[in-house]
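Chemist: have a look; sequence and predicted model below, questions after that.
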Amino acid sequence: MDIIRRNLATEARTAGRTIAVDDYGGRGAAPPSERVLPVRRDDPPNLSARTTSGVLLLVPFTLLTTLVAGDWSPLRRLDVAVTAHLHGYALDHPSWVWVMSGWTDIFAPMPLRAAALALVIWLAHSDARRLATWVTTTMVLGGLLGPLLKLLVGRDRPDLPDPVAQAPGLAFPSGHALNAALAAGVLVVVFLPRTRARSAARAAVWSGALLIAVVTGFSRVALGVHWTSDVLAGWLLGAAVVAATYAAVNFWPRVRAG
């Protein structure tokens with residue numbers, strides 16, 4: 001009997017599924033409360049790598065936040081120089097301002113959140129509720145951390161002569177850059193596995209994600225409403241949130257409904 005039990009346990013581990021062994025040594029279905037999702041090929045791999053990525057991304061973000069809060073002069077000079085250069089270019093090129101303004105409005109936090117909500121509804125109706133929960137958690141957590149850090153750091157926005165754009169509130173980190181990074185991460189996590197290793201489709205997903213994050217963040221500096229370090233902090237924080245929630249949702253026990 002012990003040999004039978006050991007053989008069954010070995011088979012279960014090999015197959016990657018949970019089984020129940022009855023009192024007579026037979027194989028029976030586990031009760032619903034004990035069933036777990038099998039490990040599948042499309043489950044996110046390298047959980048420890050995702051967790052490590054989230055932690056590592058917080059290191060430069062924390063360092064950058066410390067430098068900004070301490071008003072480190074080399075960083076301040078760099079921020080001022082980049083902003084002054086881009087502001088001068090914007091004053092001489094009204095069409096550039098029009099393009100940057102249009103982009104920053106389309107990919108502002110509220111439109112991105114609305115798109116994420118539509119995605120969550122679609123995922124829920126597609127029986128991908130765990131992924132829908134991850135998208136919701138990621139967008140909400142990032143949306144809460146951004147304003148909180150703005151209050152804690154208390155950094156003012158650039159005060160430029162002849163501004164080409166206006167934005168209310170505090171500067172660090174950039175909410176546009178943060179939410180664009182969150183949206184880019186959601187885009188990759190949700191749609192990359194659906195490309196089924198098609199190189200063109202995978203390239204399109206990655207390109208779209210990078211375009212949203214990079215151009216949205218850059219537009220804030222180009223319009224003179226954020227310092228460069230504000231945008232960099234938004235990117236870092238957004239990427240860290242994506243990595244952390246991605247790891248957490250796959251660490252959480254995945255129980256199959258009865």
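Modeler: Structure received.

Chemist: which residues touch Leu112?
Modeler: Contacts for Leu112 (C-beta atoms under 8 Å, 6 or more residues apart in numbering) come out as Met139, Asn179, Ala180, Leu182, Ala183. Every residue, glycine included, has its C-beta placed from N, CA and C.

Chemist: distance-wise, check it relative to Gly238.
Modeler: Distance, Leu112 to Gly238, using C-beta to C-beta, to the nearest Å: 11 Å.

Chemist: what do those two both touch?
Modeler: Joint contacts of Leu112 and Gly238 (C-beta under 8 Å, 6+ apart) are Asn179, Ala180, Leu182.

Chemist: just the buried residues of those.
Modeler: Asn179, Ala180, Leu182 (16 or more other C-beta atoms under 10 Å).

Chemist: in this protein, which ranges drop under the pLDDT threshold?
Modeler: Residue ranges of the chain with pLDDT under 70: 1-55, 251-258.

Chemist: got the domain ranges for it?
Modeler: With automatic domain parsing as the criterion, the domains of the chain are listed as 2-34, 47-251.

Chemist: out of those domains, deepest packed?
Modeler: domain 47-251 (a mean of 18; mean count of other C-beta atoms under 10 Å).

Chemist: out of the buried ones among the shared contacts of Leu112 and Gly238, name the ones that lie in strands.
Modeler: Among those, no member falls in strands (DSSP state E).

Chemist: what's the closest of the residues you listed to His93?
Modeler: His93 lies nearest to Ala180 out of those, by C-beta to C-beta, at 23.0 Å.

Chemist: now render the buried ones among the shared contacts of Leu112 and Gly238 as CSV, adding distance to Thr133.
Modeler: Formatted as CSV, those follow (distance: C-beta to C-beta, whole Å):
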residue, distance to Thr133
Asn179, 19
Ala180, 22
Leu182, 15
